[in-house]
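Enquirer: Everything below, folded, please.
(one chain, ligands or ions: 1)
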Amino acid sequence: MIEPAARALPWLDATLVGIVPASARVKSYRFRVAFDRPMRAGQHVDVRLTAPDGYQAQRSYSIASAPGHDGTIELMIEGLAGGEVSGFFATTAEVGDTIEMRGPIGGAFVWGPEDGGPLLLVGGGSGVVPLLSMLRHRAAVAPEVPALLLYSARDADEAIAAEELATRARDEPGLDLMLNLTRAGGRRIDAALIGEALDRLGAPRHAYLCGANPFVGTVSDLLLEAGLDPATIRTERFGG
Ligand SMILES: Cc1cc2nc3c(=O)[nH]c(=O)nc-3n(C[C@H](O)[C@H](O)[C@H](O)COP(=O)(O)OP(=O)(O)OC[C@H]3O[C@@H](n4cnc5c(N)ncnc54)[C@H](O)[C@@H]3O)c2cc1C
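Expert: Sure, this is the predicted structure:
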């Protein structure tokens, strides 16, 4: 028998069933899609758009929802000025549209209760999306795992799912939130912020970093300088 992971991933029709704002520049898109394999928190999908003349554009988007949901998944997409695919979502996509999607994809940047903690999650901008999936999953299946999210956004308007994150940090024992707003009194993530996060959490068993290339590179270096074992660090880079 061929293992599911070894089978080619088919392109599936995904129907857009809901659009709501997630921050000033990011919207949440909920799709109904029937994957042929289970998803893990942290994974992403590929999305493919086809123009009437046959031209195709394909991009990856992390899944924000936790595993085990009702036949739908949530993506959170930042509308980039001039962005081919994110621009389509920001300006043109409507509830009822069908697009092509394949997934869930990704075997390294994933977390499940069997991985345990403490969990250090560090996200920049839309890089918080797969970390949100991990936090939602943690709350559902392993709330005893200590976790800290260090989330860097430009300002309060641009912080994705800010209300949900604040509520979780208030209500979920063992979950700590450090929101760093770089244009509103905060600063770029530096050794002092990483030191504070490590003091508050304790030594992490796993560190998951996600965001634009320079953000992930900087945070990786800071964690290594702080003495973390490289084997504990997992990264996901969005480009940019
Ligand atoms: C594994 C993975 C998961 C991702 N998950 C998400 C997600 O959850 N939400 C999300 O919004 N994006 C995510 N991305 C980024 C996404 O795949 C696209 O790169 C992004 O939407 C831009 O595509 P575009 O077609 O709109 O822009 P393009 O037409 O490709 O580029 C337009 C302009 O934007 C710049 N640009 C391209 N990508 C980025 C970027 N990531 N950040 C800043 N500037 C960029 C380009 O240099 C160019 O100037 C993910 C990427 C990867 C690899």
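Enquirer: Show me where the protein has its helices.
Expert: Counting by DSSP state H, the chain has helices at residues 84-91, 129-141, 162-171, 191-201, 213-225.
Enquirer: Out of those, which is the most enclosed?
Expert: Stretch with highest mean neighbour count among these: helix 129-141 (a mean of 24; mean count of other C-beta atoms under 10 Å). Just so you know, the C-beta spots here come from the backbone N, C-alpha and C atoms, and that holds for glycine as well.
Enquirer: ok and it relative to helix 162-171, angle-wise?
Expert: Relative orientation of helix 129-141 and helix 162-171, computed by axes from the mean of the first three to the mean of the last three C-alpha atoms, to 10 degrees: 40 degrees.
Enquirer: what's next to helix 129-141, contact-wise?
Expert: Outside helix 129-141, the residues within contact range by C-beta atoms under 8 Å, 6 or more residues apart in numbering are 41-44, 61-68, 75-76, 109, 111-113, 119, 121-123, 145, 147, 149, 151, 160-161, 164-165, 168, 172, 175, 208, 210, 236.
Enquirer: what pLDDT, on average, does it get?
Expert: For helix 129-141, the mean per-residue pLDDT is 98.
Enquirer: Among the contacts of helix 129-141, which lie within strands?
Expert: With DSSP state E as the criterion, strands contain 44, 61-62, 75-76, 119, 121-123, 147, 149, 151, 175, 208, 210, 236 from among those.
Enquirer: What sits closest to residue 46 if chain neighbours are left out?
Expert: Excluding the flanking residues, the one nearest residue 46 by C-beta to C-beta, 6 or more residues apart in numbering is residue 102, at 5.0 Å.
Enquirer: Go ahead and confirm that neighbour touches residue 8.
Expert: No: judged on C-beta atoms under 8 Å, residue 102 makes no contact with residue 8 at a distance of 9.2 Å.
Enquirer: neighbour-wise, which of the two wins?
Expert: residue 102 (18 against 7; other C-beta atoms under 10 Å).
Enquirer: so which of the ones in strands among the contacts of helix 129-141 are also by the ligand?
Expert: The overlap between the ones in strands among the contacts of helix 129-141 and the neighbours of the ligand (C-beta under 6 Å from any ligand atom) comes to 44, 61-62, 76, 236.
Enquirer: how distant is the lengthiest strand in the chain from the center of its chain?
Expert: If you go by DSSP E, the chain has its longest strand at strand 12-21. With C-alpha atoms, centre = their mean, to the nearest Å as the basis, strand 12-21 stands 17 Å off its chain's centre.
Enquirer: Tell me the buried residues in that strand?
Expert: Across strand 12-21, burial judged by 16 or more other C-beta atoms under 10 Å covers 12, 14, 16, 19.
Enquirer: Double-check residue 230 against residue 224; I have them as touching.
Expert: Yes: if you go by C-beta under 8 Å, residue 230 and residue 224 touch, sitting 6.4 Å apart.
Enquirer: Identify all contacting residues around stretch 214-234.
Expert: By C-beta under 8 Å, 6+ apart, stretch 214-234 touches 108-109, 120, 122, 124-125, 127, 152, 188-191, 194-195, 198, 204-211, 235-237, 240.
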